[in-house]
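# next one to model:
(chains A and B)
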Amino acid sequence: MTRPSGLVMYAIFYLAFLYLPVLLLPLFSFNDGTIVAFPIKGWTLEWYRQLGGQDTLLQALVNSLFVGFVSAVMATSMGLFAARAYVRYRFRGQEASEALVMLPLVIPGIIVASSMLVLFISMGLKPSLTAVMLGHTFLALPFSVSIMKSAFDDFDVSLEEAAYDLGSGVVETFRRVTLPIVAPGIVSSLLVTFTVSFDEFVLAFFLSGNQPTLPVYIWSQIRFPAKLPNTLALGSLLLLASVLLLVVAEYFRRRSTKSTL
Amino acid sequence: MTETNIIQLQGIEKRFGKFVAVSDLSLDLREGEFFSLLGPSGCGKTTALRMIAGFQEPTEGKVLIDGQDMEGMPANKRPTNMVFQSYAIFPHLNVGNNVAYGLRNRGISKSEIDTRVKEALEMVELGGLEARGANELSGGQRQRVALARALVMRPKVLLLDEPLSALDKKLREQMQFEMRHLQQSLGITFVMVTHDQYEAMTMSDRIGVMFDGRLVQVDTPQTLYAKPGSREVASFIGEMNFLPAEVTAETGDTFSISTPGFGAMKIEANPNVARHGRHISVGIRPEQLEIARHKPDGYDGTVQGVVRDVAFYGENVHYHVGVEGLDKPIAASVPNYFHTVDHAPGDKVWLGVQAASVIDLGEDKQTS
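Down below sits the predicted model:
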């Protein structure tokens, strides 16, 4: 092929349409002016510098990191066991169970958020970081289960049997054979589920109460035009962090499928 | 060899739902023997092995190892170790740590573990490869590591699940001899599962043949080949020509029979066969037949036929000879002594057989 065909042109246009608007965010975060419009007035790092001194922002960042960490650990540990069961065993209700676990991917966020709010309040759990963690664990679980399933897919059952045959008990086998072999999958799942939680807005908005996570904080700042450049800077940093995390996660996911062959 | 039974299977049965994988299997294995369970895939041999290992519990019956009932005893507590078909080498551990894996479960001192790992690796001719990564091993090396990892545990019984099926032909033949030597020098009981009759014949002291979950015959390789207990066994092990025969007289252990083509002969009754009737099946191994252009002298039975096919195998030549009155051509195999193929399709030839080579296979289910 010497000329780009129609399909290639279409793909390029499609990618540009998807990602160019995202690139505007970092572009304007370096703009020396408060109005987000061309032409660029000049280049500055002022907006990034100002981020450092804002206590509520830092508190929201800490909240987000904390919620992300806890949700990632909870979703990944549940996903680990669920995925092992799905791959290894055939049991009654397996398909229904797998479908249920994947459901959060397709239910509209606003529905999940409002029903969780009602549920938590009726259980006596006030909107708080704890509520957000539970919600995010629910949202992150399908990601964790799919990543761990691919880690277990290529895992030879006789490896666990061999460990057992050589005198290890169930727990020993899990610790000394299963865990190390699926470790890359676990790291990948932790990174992806952390990112899911870290970027999530709707559930956090409904459930966080007076302890905003970073996306909720950003939303609250967007209403003040003077704060907009700050928000752009913050958003650019988050974008960078998310992309990095997902790249690392993908690296580990691929390693996990390779290592057991 | 002492005559104690290291493993006793007492009427074990394994059902998965309605499917019966192993039915009423009783078997005594002697200490220090190399025993093979041989059968086509899906015959239940692997299930039987896994019940000895403790990965599966029998639905009925008992497994005794060294006189001790194994009921409720999990695999990690049994005095058996297994070499898996896939070898199951731990990919995250190097060779040394793979072999040391089981010893570390036993609270043995580090220096003793190192010594025993070294010995085990030398035994399988992998001395000095402790630091080699699991993913840097060839197929043959993986198999040796799996052997060392199991043998270092000094099991009472070593279980091998199709241990050679993943290797290429040359390596497989070499490993057959090596494993046999290893077993003889260690004196450990080996129980191997295989679908390859040659593997079973070359390595084993005794072979148990399984079909459809049933153990049909247990004997030495020579006896299985010379006195198979049924048509099924006869056709699974080696090649066999089957002929219908009519029993005309019976005196003690000798039958007078009449077969189409070869005519009347006196043959010995096969003690491994359960039932006889008036119509029986007899078998003749292809290499026991003489094939000649003129009627050969000194044979108990002769027949004339026409060569249909010739297959040149290198070490021997197979002729398929059509004989009047028989549906299937008779196969005769001749060693390739002089690098000649003496008969061509269409040639008229004579076949000769000694009565001692005609194997009684019992009641002919096809005609009676």
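# near chain B, which residues of the stretch 51-200 of chain A are found?
A:156, A:158-159, A:161-169, A:172, A:176-177, A:180-181 (C-beta under 8 Å from any C-beta of the partner chain). Just so you know, the C-beta spots here come from the backbone N, C-alpha and C atoms, and that holds for glycine as well.
# now, of the residues you listed, which are buried?
Neighbour-count burial (16 or more other C-beta atoms under 10 Å in any protein chain shown) applied to those gives A:156, A:158-159, A:161-168, A:172, A:176-177, A:181.
# now, which of those sits nearest A:Tyr14?
Distance to A:Tyr14 across these (C-beta to C-beta) is lowest for A:Ile181, with 38.6 Å.
# contacting residues for the residue of the stretch 51-200 of chain A found nearest chain B?
Among the residues of the stretch 51-200 of chain A, A:Leu166 lies nearest to chain B; the distance is 3.3 Å by C-beta to the nearest C-beta. By C-beta atoms under 8 Å, 6 or more residues apart in numbering or on different chains, the residues touching A:Leu166 are B:76, B:81, B:101-102, B:105, B:149-150, B:153.
# out of these, which are inside helices?
Taking DSSP state H, the ones among the contacts of A:Leu166 that sit in helices are B:149-150.
# near chain A, from the contacts of A:Leu166?
B:76, B:81, B:101-102, B:105, B:149-150, B:153.
# mind picking the two most distant members of these?
Longest distance between any two of the ones next to chain A among the contacts of A:Leu166 is 14.5 Å, between B:Asn76 and B:Arg149; criterion C-beta to C-beta.
# settle it for me: which of the two has more neighbours?
More crowded of B:Asn76 and B:Arg149, by other C-beta atoms under 10 Å in any protein chain shown: B:Arg149, with 31 against 18.
# the more buried one reaches B:Gly102, doesn't it?
Yes - counting by C-beta atoms under 8 Å, B:Arg149 touches B:Gly102, with 6.8 Å between them.
# what touches both of the two?
A:166, B:81.
# report the contact partners of B:Glu162.
B:Glu162 sits next to B:46, B:85, B:193-195 when contact means C-beta under 8 Å, 6+ apart.
# any idea which of those is the one closest to chain A?
B:Gln85 (7.4 Å).
# ranking the contacts of B:Glu162 by neighbours, who comes first?
The member of the contacts of B:Glu162 surrounded by the most neighbours (other C-beta under 10 Å) is B:Val193, with 26 neighbours in all.
# that residue - that's part of a helix, no?
No - judged by DSSP: H, G, I helix; E, B strand; the rest coil, B:Val193 forms no part of a helix; its state is strand.
# show me what contacts it?
Per C-beta under 8 Å, 6+ apart, neighbours of B:Val193: B:36-37, B:45-46, B:48-49, B:159-162.
# now for the contacts of B:Glu162: which two are most distant?
The two members of the contacts of B:Glu162 with the most space between them (C-beta to C-beta) are B:Gln85 and B:His195, at 11.1 Å.
# what touches both of these two?
Residues touching both B:Gln85 and B:His195 (C-beta under 8 Å, 6+ apart): B:162, B:165.
# ok so, going back, dump the ones next to chain A among the contacts of A:Leu166 into JSON lines; add distance to A:Phe13 as well.
Formatted as JSON lines, the ones next to chain A among the contacts of A:Leu166 follow (distance: C-beta to C-beta, whole Å):
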{"residue": "B:Asn76", "distance to A:Phe13": "60"}
{"residue": "B:Asn81", "distance to A:Phe13": "62"}
{"residue": "B:Tyr101", "distance to A:Phe13": "56"}
{"residue": "B:Gly102", "distance to A:Phe13": "60"}
{"residue": "B:Asn105", "distance to A:Phe13": "61"}
{"residue": "B:Arg149", "distance to A:Phe13": "57"}
{"residue": "B:Ala150", "distance to A:Phe13": "61"}
{"residue": "B:Met153", "distance to A:Phe13": "64"}
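# export those residues as a markdown table, with columns for pLDDT and distance to A:Phe206.
Converted to a markdown table, these look like this (pLDDT from 0 to 100; distance: C-beta to C-beta, whole Å):
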| residue | pLDDT | distance to A:Phe206 |
| --- | --- | --- |
| B:Asn76 | 90 | 49 |
| B:Asn81 | 94 | 57 |
| B:Tyr101 | 93 | 50 |
| B:Gly102 | 92 | 53 |
| B:Asn105 | 88 | 50 |
| B:Arg149 | 94 | 55 |
| B:Ala150 | 94 | 57 |
| B:Met153 | 92 | 58 |
